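Visitor: need coordinates for the following:
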Amino acid sequence: MLTVILLAIFLIVEISSLIISSYVRKNFQWLITSRDEKPKLSVEGLKKFIPNGYDSELGWIRKPNTSHDEKGKFGITKWCINDKGARNNPNFEKNKIDISCYGDSFTFCRQVNDDETWEHYLSKKTNSNVQNFGVGNYGIDQSLLRLKKEIHHNSTKIVIMGIVPDTISRILSVWKHYYEYGNTFAFKPRFIIKNNKIFLIKNIIDNESKFYKYEKELDTIKQNDFFYSKKFQKEKIHFPYTISILKNLKRNISIIYWVMKIKFLQKRSKDISKIEWNPMKIIMDINMQWRVKLYNESSATELLYKIIEEFTKFSKQENIIPVFVFLPQKDDILFIKNHYHYYDNFMKSLTSITNLKIIDVTKKFLSEANLDPLYSDDNSYGGHLSKHGNEKVAEIIFQEIKDFEI
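Guide: Sure, this is the predicted structure:
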């Protein structure tokens, strides 16, 4: 009899856990379940993504002659890509071109207009057309590959590689979905180290048709993606649901609590503006922990070092001055202020790479008493750099390169 009662209790708890986790998953993509092992890719989404953003070699790219609007705390902003595949640079398109920039969204400068990027402000200071080839969510691996792809028809004297510290996680992925759950179109190449040299694993989804049968490539994808076993598998909720929830109790219960509270208040037409960020804050805090952890893992820092070293070697081969810039997110600065400079040792290690100009924006931003004006979003993550933040970055970079012959 006792066994029957315990079994009944277990079944009730298990069914409740399944129902609750399924409900929260529908409203918040970061609470992953077994269904996320093989998510169904949106056909309509692919029809938009493939012509507008897909790149068989790099994974994704900003296509020439495209544009897009974004909404932020400063209102609607717009970006436009010119026929070279670079972001528009108003009033400087016909000027001499001595500097080109590659990197992620902090180099592309999301959430500001074309005349509010740090490349635009740097153009004003150098009286030149500073080209912007940044792409959102790129790792430095993709940025390096794009540089190699572009340089022979967009050659410049100086190349600035601008990336966020989180690039250390991006270079370990071949499918972003295993780290950024729900980012299912983002397949990418990555480097690994073999015999003390970097070796390229090409983008596995290197043909449009492979999106529709990506499951056939899953074994190879899982094998080459660092986060599948280290993160995705450990955070996935599966049968027995109660136990898998309890394995990541703090993360899962916090997400479940806030998502359900927000949905409850929304149904009653209550103001959720003060708490709607809370579920995402849990995810961003976990990602911050991953960054700190990876900068203390030799395998990750060695790979990042060798990619930057390859950037320098390639620049020497092409007679380019290489400049490496770390562009911190707001939560990077907050963590360093409250704890320690978690990637400072890595930055110091880069000084052993000869002929590389290193600029760490972090050190300048740490002296700012109020970070809010420098970033686009009013939360601890901060979004991207604001117009004011980009002006600061341009001034920092200019002071470091003004003695170059440009």
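
Visitor: make it CA atoms for all contacts and neighbour counts henceforth
Guide: Will do.

Visitor: off-centre distance for the longest helix along the chain?
Guide: Using DSSP state H to define each element, the chain has its longest helix at helix 2-27. Centroid separation for helix 2-27 versus its chain: 36 Å, with Cα atoms, centre = their mean, to the nearest Å.

Visitor: over to stretch 61-70?
Guide: Here the centre of stretch 61-70 is set off from its chain's centre by 18 Å, with Cα atoms, centre = their mean.

Visitor: and for stretch 272-279?
Guide: Worked out by Cα atoms, centre = their mean, stretch 272-279 lies 22 Å from the chain centre.

Visitor: helix or strand with the lowest mean pLDDT in this protein?
Guide: For the chain, counting by mean pLDDT, DSSP states H and E, strand 67-72 ranks last in confidence among helices and strands (a mean of 87).

Visitor: could I get it in PDB with only the CA atoms?
Guide: Taking Å, rounded to 0.1, in the frame of the first residue of the first chain, the C-alpha atoms of strand 67-72 are listed here in PDB:
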ATOM      1  CA  SER A  67      18.900  47.600 -44.100                       C
ATOM      2  CA  HIS A  68      17.000  47.100 -40.900                       C
ATOM      3  CA  ASP A  69      15.300  49.100 -38.200                       C
ATOM      4  CA  GLU A  70      15.800  48.500 -34.500                       C
ATOM      5  CA  LYS A  71      14.000  49.800 -31.400                       C
ATOM      6  CA  GLY A  72      15.900  50.800 -28.300                       C
END
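
Visitor: name the helices or strands packed onto it?
Guide: strand 75-80 (3 or more Cα pairs under 8 Å, 6 or more residues apart in numbering; DSSP states H and E).

Visitor: beyond the strand it packs on, next helix or strand please.
Guide: strand 99-103 (DSSP states H and E).

Visitor: give me the mean pLDDT for the next helix or strand after that next one.
Guide: Next along the chain after strand 99-103, taking DSSP H and E as the criterion, comes helix 105-108. In this model, helix 105-108 has a mean pLDDT of 98.

Visitor: name the residues that touch helix 105-108?
Guide: If you take Cα atoms under 8 Å, 6 or more residues apart in numbering as the criterion, helix 105-108 is touched by 87, 101, 117-118, 132-138, 162-164, 327, 384-385.

Visitor: tell me which residues in it are buried?
Guide: Using 16 or more other Cα atoms under 10 Å as the test for burial, helix 105-108 gives 105, 106, 107, 108.

Visitor: could you do stretch 266-280 as well?
Guide: By neighbour count on 16+ other Cα under 10 Å, the buried set for stretch 266-280 is 278, 279, 280.

Visitor: tabulate those in TSV, adding columns for secondary structure.
Guide: Formatted as TSV, these follow (DSSP: H, G, I helix; E, B strand; the rest coil):
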residue	secondary structure
278	helix
279	helix
280	helix
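
Visitor: of the contacts of helix 105-108, select the buried ones using a PyMOL command.
Guide: The PyMOL selection below is limited to those of the contacts of helix 105-108 classed as buried (16+ other Cα under 10 Å):
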select buried, resi 87+101+117+118+132+133+134+135+136+137+138+162+163+164+327+384+385
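
Visitor: distance between the ends of stretch 108-126?
Guide: Its start and end residues considered, stretch 108-126 measures 19 Å (Cα to Cα, to the nearest Å).

Visitor: scratch that, stretch 205-218 is what I was asking about
Guide: Span of stretch 205-218 from end to end, Cα to Cα: 10 Å.
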